[in-house]
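J.: Pasted the sequence and its predicted model underneath.
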Amino acid sequence: MAKLSGKIAWVTGAGSGIGESAALMLAEEGAEIVLTGRRREPLESVAARIAAAGGKAHVQPGDLMVSAQVAAIGDWIKANLGRLDVMVANAGLNIVQRDWSNLTFEGVDTVIHGNLSSAFYSVITALPMMRAQKDGVIIVTASMAGRWISGLSGATYTAAKHGVVAMCHTVNMQECVNGIRCSAVLPGEVATPILDKRPVPITPEERAQMAQADDLGDLIRYIACLPKHVVINEVMMCPTWNRGYVAALRRNG
Ligand SMILES: NC(=O)c1ccc[n+]([C@@H]2O[C@H](COP(=O)([O-])OP(=O)(O)OC[C@H]3O[C@@H](n4cnc5c(N)ncnc54)[C@H](OP(=O)(O)O)[C@@H]3O)[C@@H](O)[C@H]2O)c1
């Protein structure tokens with residue numbers, strides 16, 4: 001029996017990677033999905049796959065770095081679907097020039113707005129609909145870089161994702177009385193298109209050993225289906241072959 005029948009789920013970054021997988025899996029659970037990303041084409045393709053499997057999806061493209069565009073999608077959801085049960089604030093990005101030796105003002109703005117402001121705009125937009133229902137699940141894709149500091153992800157991405165994790169905990173602190181739950185999902189390395197921006201290219205063999213988008217999609221589905229009286233505040237999912245650990249083992253002997 002589908003656990004999300006009659007529910008509306010809004011997934012950002014839904015055209016590729018983790019968001020694509022989450023959208024397909026939430027649709028499998030019976031939710032009607034709103035798909036957001038900047039490019040319309042990949043969203044249309046995900047919507048077609050959901051429709052082909054008997055589900056329902058709505059393409060609502062927008063740039064989440066622009067608050068007015070986020071608000072407009074929220075208005076569309078309220079006017080056309082009347083409610084919002086699950087918000088998957090998953091969109092995020094990184095840049096190639098991510099170290100202090102090559103960081104630019106523009107790069108800082110892109111990464112901070114693309115990961116942190118965008119998550120805030122999404123949550124601010126979702127909350128009034130969820131408060132009115134006294135019910136709602138917010139799942140935010142942060143990162144392992146939001147809990148630990150490493151050289152790999154870059155200065156601004158690490159700072160932004162730390163902010164995202166902190167944001168999620170404050171949502172629970174203030175909105176728990178309204179039946180709203182917020183989960184910070186912290187992936188390690190996942191084989192998705194975001195890795196194409198790594199300064200050191202990643203081989204197909206390395207990608208095969210990483211977590212896959214469907215591993216995270218399945219986790220997001222699990223969180224979205226939890227009963228209303230519990231929340232997973234924070235969860236981390238990493239590849240077993242954790243390249244950071246493996247490198248440390250090799251260094252140490
Ligand atoms: N893959 C990993 O190793 C890893 C690890 C930890 C955390 N994460 C996080 O996981 C999330 C999903 O990333 P992914 O790995 O699935 O990579 P991905 O395939 O590159 O997905 C990111 C998605 O976000 C969308 N997006 C980016 N900026 C946007 C904006 N300003 N407005 C609207 N949509 C935007 C992109 O679509 P458009 O380009 O069409 O806008 C894209 O579909 C991100 O938050 C990322 O930081 C990934």
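T.: Great, that's in hand.

J.: isn't there a helix covering residue 58?
T.: No: using DSSP: H, G, I helix; E, B strand; the rest coil, the assignment for residue 58 is strand, not a helix.

J.: In this structure it contacts residue 47, no?
T.: Yes: contact criterion CB atoms under 8 Å: residue 58 and residue 47 qualify, at 7.3 Å. In short, each C-beta sits where N, CA and C put it, glycine included.

J.: So for the two, which sits in the more crowded spot?
T.: residue 47 (23 against 19; other CB atoms under 10 Å).

J.: Phi, psi for that one please.
T.: phi -60, psi -40 (degrees, to the nearest 10).

J.: so what sits against both of residue 58 and residue 47?
T.: 33, 35 (CB atoms under 8 Å, 6 or more residues apart in numbering).

J.: Report how far apart the opening and closing residues of stretch 184-193 are.
T.: 21 Å (CA to CA, to the nearest Å).

J.: ok, now stretch 193-212?
T.: 11 Å.

J.: any bit of that stretch sitting next to the ligand?
T.: Yes: using CB under 6 Å from any ligand atom, stretch 193-212 reaches the ligand at 193, 194, 195.

J.: helix, strand or coil for the second one?
T.: Reduced to three states with three-state DSSP, the structure at residue 194 is helix.

J.: Touching, it and residue 95? I think so.
T.: No: here residue 194 does not reach residue 95: they are 10.6 Å apart, not a contact under CB under 8 Å.

J.: Quick one: name the residues of the stretch 151-253 of the chain near the ligand.
T.: Counting by CB under 6 Å from any ligand atom, the stretch 151-253 of the chain sits next to the ligand at 187, 189, 190, 192, 193, 194, 195.

J.: Neighbours of residue 77, how many?
T.: There are 21 residues near residue 77, going by other CB under 10 Å.
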